[in-house]
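>>> got a predicted structure here, sequence first:
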Amino acid sequence: IEIEYLSTDDTLTGTTVWLYVYPTKPNAHYTISGSYKQNRVMNFTDSSYGANIQIVVDAYPIYQYEWSYRTIDGGPSETIKYKDISQLQKKIMYKEPGTYEVELTVTNTLGRRSDPYKVDFTIFEDYKPAIICNLDNSVMARNETVTANVYEAVSTDGDTISSNKVELWYDSNNDGAYDELVNTWNNIAAYPIYTPTKLGRYKFVNTVTEAFGEETFPEFIVASDYKQSTTEREFFVDNYVPMTDIYIDIPLVRTYVDAYFMLDQNLNPAKLQYVIDNRMNINNTLRTKNLVAKVENWDLHTYTYSQP
């Protein structure tokens, strides 16, 4: 604004005053926090005050907040569970993975309404825990021990393991049905070691269950939401071929043989499986040749786990 005036002695003077006119239309804004994973709580907190000019928002405070929620490519609207903590904060839990949108519009005391502030984001799938398990033997004799020489049960997406149970079942009728529960190990820290005393087929069943490890809405959680993985590993217990002595003038001295099969992952899979499944047969064949054999398999594989 320029002002000029003429004095009584015909002197022309003037002044200039600068004014800045602030827009009074408010801006909406919010922040998001959470793990962006299904069945976990996401927090949406209004931050519109910091997105506006302070002098304007102080003169015309924001007093009305309109939130809306939309599915872009995810579960139906009924799978979106939310709680109104206040006008300024919302907690939302998405039951299904996918792409979603949250919109906020605010109004100030001057009656001016903001443009909608929208954010699209992705909620990721909650994955099952990973189990890597390889028994040190799949065929053995009575009173030998069996365990896993490679074992790991972990969450692949940052959750916690709430339960790790191993059951051992026995096929008592040798009909292919594992009908007799031999033992149960709960919340194991390492894979169990077992010494079988009966001939026949056995099966380890390992069940690993995850806990969420983060805030959820328990009233909307069902049993199927807890991610679980199960692996089964079978082994067979066989007899050694008996060895007898005939007492003669010249003593019989048997040869002792240690046979170790190095099972490299680059070898023919069919041959590898044959060695794994026939450890006792190989041992017994050597015993029929009057050789006291110790036959062992050494697993030289590198084990990895992958998921989509």
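That came in fine, so what should we check first?
>>> could you use CA atoms for every contact and neighbour count after this?
Fine.
>>> for Asp120, list each beta-bridge partner.
Judged by DSSP bridges, the bridge partners of Asp120 are Glu101.
>>> sorry, that was for Ala293
For Ala293, the beta-bridge partners are Val257 (DSSP bridges).
>>> now the one 4 residues further on
Per DSSP bridges, residues listed as beta-bridge partners of Asn297: Phe261.
>>> what number of residues lie near it?
The number of residues packed near Asn297 is 16, by other C-alpha atoms under 10 Å.
>>> mind checking how far it is from Thr24?
According to C-alpha to C-alpha, to the nearest Å, Asn297 stands 79 Å off from Thr24.
>>> cool, Asp120 as well?
As judged by C-alpha to C-alpha, Asp120 and Thr24 stand 27 Å apart.
>>> more crowded one of those two?
Set Asp120 next to Thr24 and count neighbours by other C-alpha under 10 Å: Thr24 wins out with 19 against 12.
>>> report the secondary structure element holding that one.
Thr24 belongs to no helix or strand when assigned by DSSP states H and E.
>>> what sits closest to Leu199 if chain neighbours are left out?
Once flanking residues are discounted, Leu199 sits nearest to Val237: 4.9 Å by C-alpha to C-alpha, 6 or more residues apart in numbering.
>>> what is the helix or strand hosting the one you found packed up against?
Following DSSP H and E, one finds Val237 within strand 228-238. In terms of contacts (3 or more C-alpha pairs under 8 Å, 6 or more residues apart in numbering; DSSP states H and E), strand 228-238 is packed against strand 130-135, strand 139-141, strand 200-211.
>>> direction included, what does that strand pair against?
Here strand 228-238 is paired, per DSSP bridges, with strand 139-141 (parallel), strand 200-211 (antiparallel).
>>> among those, which comes closest to Asn290?
Among the strands paired with strand 228-238, strand 139-141 comes nearest to Asn290, with 18.3 Å by C-alpha to C-alpha.
>>> just how off-centre is the helix or strand that the closest one is followed by within its chain?
Per DSSP H and E, the first helix or strand lying C-terminal to strand 139-141 is strand 148-154. Its chain's C-alpha centre and that of strand 148-154 lie 16 Å apart, by C-alpha atoms, centre = their mean, to the nearest Å.
>>> strand 148-154 packs against which elements?
Against strand 148-154 (3+ C-alpha pairs under 8 Å, 6+ apart) you get strand 130-135.
>>> could you pull out the strands for the stretch 51-200 of the chain?
Under the criterion DSSP state E, counting those that start in this stretch, the stretch 51-200 of the chain contains strands at 62-73, 80-84, 89-94, 98-108, 117-123, 130-135, 139-141, 148-154, 160-170, 180-185, 200-211.
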